[in-house]
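Q: Structure for the following, please:
(2 chains)
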Amino acid sequence: MIFNSNKSTKNSSFTAIIIYFLIFLWVFVAAFPFIWTFWGSFKVELDFFSISNWTNAITGKNTEQTYGSPFTFIGYHGAWVQEEFWKAFINTSLVCFFVVITSLTIGTLGAYALSRSNFKYTFWLLIMALIFRAMPPITLVAGYLPPFFEWNLWGTLPTTIIVLVSINQPFTLWMLHSFFQNIPKELDESAKVDGCSQYQAFGHVIVPVMWPGIITTGLFSFLLAYNDFAVTSMLLSDENRTMIPKIAAFLGTTYTEGNVMFAVAAVVSATVPLFILIMFFQTKLVSGLTQGAVKG
Amino acid sequence: MKHKTFFWFILPTFLAMFFFITLPIISVTIQSFHTPHENVLITVENCDPFGCKKATSINHEATQKLKKNNPLGKYVGLDIYFDRGHLAIEQVKNLWSNTNNFLEFLKLTADLPFYKALFFTLTFTFTVTPIMLVLGLLIALGVDSFNQKLKGLIIFFSLLPMIVTPLIGSIILFWMIDSRGIVGNFLQILFEDPGLSLKASTFLTWIMLIVYGVWHAIPFSFIVFYAGLQTLPKDQIESAQIDGANTFQQTIHIIIPHIMPLITFVTLMQLMDNFRVFEPIVGFNAEAHATSLSWIIFNDLGGETRQLSAAATSSILTIFGIIILLSPVLIKTWKEFEFKK
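A: Residues are numbered from 1 along each chain as shown, chains lettered A, B, ... in the order given. Presented below is the predicted three-dimensional model:
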């Protein structure tokens, strides 16, 4: 807006060109690595990492020589069937589903209470949550391991789900808290005047209007669970691995066995759900990112 | 809301945070003062017709008993904090007295594992944060002048580097900068040096990680600032234009003050997130040249040995670091709260 409004001067049209160039460069830098890797995932290793000629990665010269077509699904077959990436995919789905459901359920109740109470302990609870939010989750893992080993809880999906829910609660609480702050208090006050208890007011008045906030927070809970590497790789046993720790494990083994394309295919496979997520929920994600900022 | 109602609403989330955040912090603190029991050794003299031999073996029974009676391990106070893998007091003292100038001292200190990680973590945090703020603001200002349809497309692609799993993002970039990958290839041609490898030098590895950090973080500042620009006071900008202010002056005097709260917010979030830098080090396979605080904790926890005490000590030191880093903000919040009272 501000760059269009005074095009008359020579100086600012020059600025505009720089700005357009910068934006173009950024979009390219942001998108190109993904497009490149997606394209390359259908090639053989000699094309994806081409020593002789980089255009081979685009044309797929060696792929055509080997398989008769410039595209091959050999990497995907290797990752999903041979290395059983489908198991990791199922594990990730289970973890994400239960983390989102549980986080939202207990987070909604807690955040609602925090937004409707003015006592001093409310402030301190929110500050505690902020400090917990600032701590890297990996610092807690040394505290989880001894009891988990002792009680044979280590390595299973339910344990990891509960841990992920808990370490994401501070974030969930803050985000939902700011959403509830935007829902006028008069709404539940008037319901209480009409004879509802606080629980009934919550159920009948707040629940119907809170869905936009819940969906946005749910998206971020999903991303936290889906993207986690440090905690899940420490808490899950080999057979219960989710996709991200599985990919990290791939890196170690496939380099030595010369199956790098398996890892490339797995990486692309794990990116696709996120791509779809952004496509459908772009505006929700943007509003979620700015929510905390606008309130703060 | 009544205390009792509040209690029931907050209970589930409170329990979750109490059992899986508060208790682990306490447990980590206790573990950092203890070291695992050493095996109890016994020396037995075996005599046979050819003479007597002394053999040392582990007394399993006594070891088990010791472990059972004292499951935390041996109390060692601050020993682990001061050992070579952490604050390395002894080594630092030696270096201090044996080095000629401060630079040499710093250089040698940076070889100690904890300080190596600390230096990288701080460098990463304090380079990525300002760069992403400036670039994010420039992009937000620029995108504002595009039409609605293009904006949607730009935002879609912009979100990718941030939303995509950090480990995956760094692996993808790592493959590209590989000497056989497209960027690595391109750089070799550009500098006419076929042997150029970004992975071989410490300096280039740091640059690479910082570039990744900026790439990953720009979308956040861009999106937040872009949202802030939508609420810009138009009349102020118009009157500034009438007064002959150029684009740069408008940015400095009107736009930046207007979005100052957002800049503070983004800075705060970025300091937190960059201080825990970890995934790119794994993704870029860079641990030979760069380690971070989170990485040394992860490294101690993993593998066959699982050095819990060492990891616990690093964890506590990291938490201290983040508290020091955020103390200005915490003090400010507290003062505001006191002021309101």
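Q: Can you get me a residue count around the closest residue to B:V329 other than its chain neighbours?
A: Nearest non-adjacent residue to B:V329, counting by CB to CB, 6 or more residues apart in numbering or on different chains: B:L268, 5.8 Å away. To be clear about C-beta, it is placed using only N, CA and C from the backbone, and glycine gets the same treatment. Residues near B:L268, counting by other CB atoms under 10 Å in any protein chain shown, number 18.
Q: Okay, B:L268 and B:Q307: tell me how far apart.
A: 33 Å (CB to CB, to the nearest Å).
Q: burial measure for B:G73, as a count.
A: B:G73 has 18 neighbours, counted by other CB under 10 Å.
Q: tell me the mean pLDDT for stretch B:253-266?
A: For stretch B:253-266, mean pLDDT is 89.
Q: who touches it?
A: A:2, A:292-293, A:296, B:133, B:136, B:141, B:220-221, B:224-225, B:227-229, B:231-233, B:236-237, B:240, B:245 (CB atoms under 8 Å, 6 or more residues apart in numbering or on different chains).
Q: ditto for stretch B:86-103
A: Under CB under 8 Å, 6+ apart, the answer for stretch B:86-103 is B:80-82, B:84, B:105, B:108-109, B:112, B:114-115, B:310, B:313-314, B:317.
Q: which of the residues in that stretch are buried?
A: Neighbour-count burial for stretch B:86-103, counted by 16 or more other CB atoms under 10 Å in any protein chain shown, picks out B:H86, B:L87, B:A88, B:Q91, B:L95.
Q: still on that earlier bit, can I get the contacts of stretch B:86-103 in TSV including secondary structure and distance to A:A88?
A: Listed next are the contacts of stretch B:86-103 as TSV, based on DSSP: H, G, I helix; E, B strand; the rest coil; distance: CB to CB, whole Å:
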residue	secondary structure	distance to A:A88
B:I80	helix	36
B:Y81	helix	38
B:F82	helix	42
B:R84	coil	38
B:F105	helix	47
B:L108	helix	44
B:T109	helix	41
B:L112	coil	38
B:F114	helix	34
B:Y115	helix	37
B:A310	helix	30
B:T313	helix	33
B:S314	helix	29
B:L317	helix	33
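Q: tell me which element the residue in the stretch 151-296 of chain A positioned nearest to chain B is part of?
A: Taking CB to the nearest CB, chain B has its nearest neighbour within the stretch 151-296 of chain A at A:S166, 3.3 Å off. Per DSSP states H and E: A:S166 is located in helix A:157-182.
Q: how distant is that helix from the center of its chain?
A: Mean-position distance between helix A:157-182 and its chain equals 14 Å (CA atoms, centre = their mean, to the nearest Å).
Q: any idea how far chain A is from the closest residue to B:P113 other than its chain neighbours?
A: Counting by CB to CB, 6+ apart, B:P113 lies nearest to B:G85, which is 5.6 Å off, once chain neighbours are set aside. The gap separating B:G85 from chain A is 14 Å, by CB to the nearest CB, to the nearest Å.
Q: what about B:G85, distance to B:I296?
A: 8 Å.
Q: out of the two, which sits in the busier spot?
A: Ranked by neighbour count (other CB under 10 Å), B:G85 and B:I296 place B:I296 first, with 27 against 16.
Q: Would you check that the more buried one makes contact with B:S314?
A: Yes: B:I296 is within contact range of B:S314, at 5.3 Å (criterion: CB atoms under 8 Å).
Q: Mutual contacts of those two, please.
A: B:F114.
Q: need the strands for the stretch 1-150 of chain B, in chain order.
A: B:34-35, B:41-48, B:51-58, B:74-75 (DSSP state E, counting those that start in this stretch).
Q: Out of those strands, which gets nearest to chain A?
A: strand B:34-35 (10.9 Å).
Q: what's that closest one packed up against?
A: With contacts taken as 3 or more CB pairs under 8 Å, 6 or more residues apart in numbering or on different chains; DSSP states H and E, strand B:34-35 sits against strand B:74-75.
Q: and the strand it packs on, anywhere near chain A?
A: No: under the criterion of CB under 8 Å from any CB of the partner chain, chain A is not reached by strand B:74-75; the shortest gap measures 15.2 Å.
Q: Which residue ranges make up each domain of the chain?
A: No chain specified, so I'll use chain A. According to automatic domain parsing, chain A comprises the domains A:2-77, A:84-295.
Q: if you could check chain B rather than the one you did, that'd help
A: Split by automatic domain parsing, chain B gives B:35-75, B:76-111, B:114-340.
Q: for these, which one ends up most surrounded?
A: Sort the domains of chain B by mean neighbour count, taking mean count of other CB atoms under 10 Å in any protein chain shown, and domain B:114-340 sits at the top with a mean of 19.
Q: For chain B, what's the nearest residue on chain A?
A: Counting by CB to the nearest CB, chain A gets nearest to chain B through A:G143 (2.9 Å).
Q: most residues in a single helix of chain A, which one?
A: helix A:260-295 (DSSP state H).
Q: Run a quick check on the residue nearest to B:V329 versus B:L330, I expect a contact.
A: No: applying CB under 8 Å, one finds B:L268 not in contact with B:L330, separated by 10.5 Å.
Q: all strands of the stretch 101-250 of chain A, in order?
A: Assigned by DSSP E, counting those that start in this stretch, the strands in the stretch 101-250 of chain A number zero.
Q: got the end-to-end distance for stretch B:81-88?
A: 8 Å (CA to CA, to the nearest Å).
Q: and what of stretch A:64-80?
A: End-to-end distance of stretch A:64-80: 22 Å, with CA to CA as the criterion.
Q: which of the residues in the longest helix of chain A are buried?
A: A:260-271, A:274-275, A:277-278, A:281, A:284-294.
Q: rewinding a little: among the domains of chain B, which is nearest A:S93?
A: domain B:114-340 (15.1 Å; CB to CB).
Q: ok, then the element right after the strand or helix carrying A:F14?
A: Using DSSP H and E, A:F14 sits in helix A:10-40. Using DSSP H and E, the helix or strand that follows helix A:10-40 in sequence is helix A:45-48.
Q: if we look at that next one, which residues are touching it?
A: If you take CB under 8 Å, 6+ apart as the criterion, helix A:45-48 is touched by A:40-41, A:56-57, A:60-63, A:258, A:260-261, A:264, B:175.
Q: Among the residues you listed, show me the least confident.
A: Minimum pLDDT for the contacts of helix A:45-48 is recorded at A:G258 (66).
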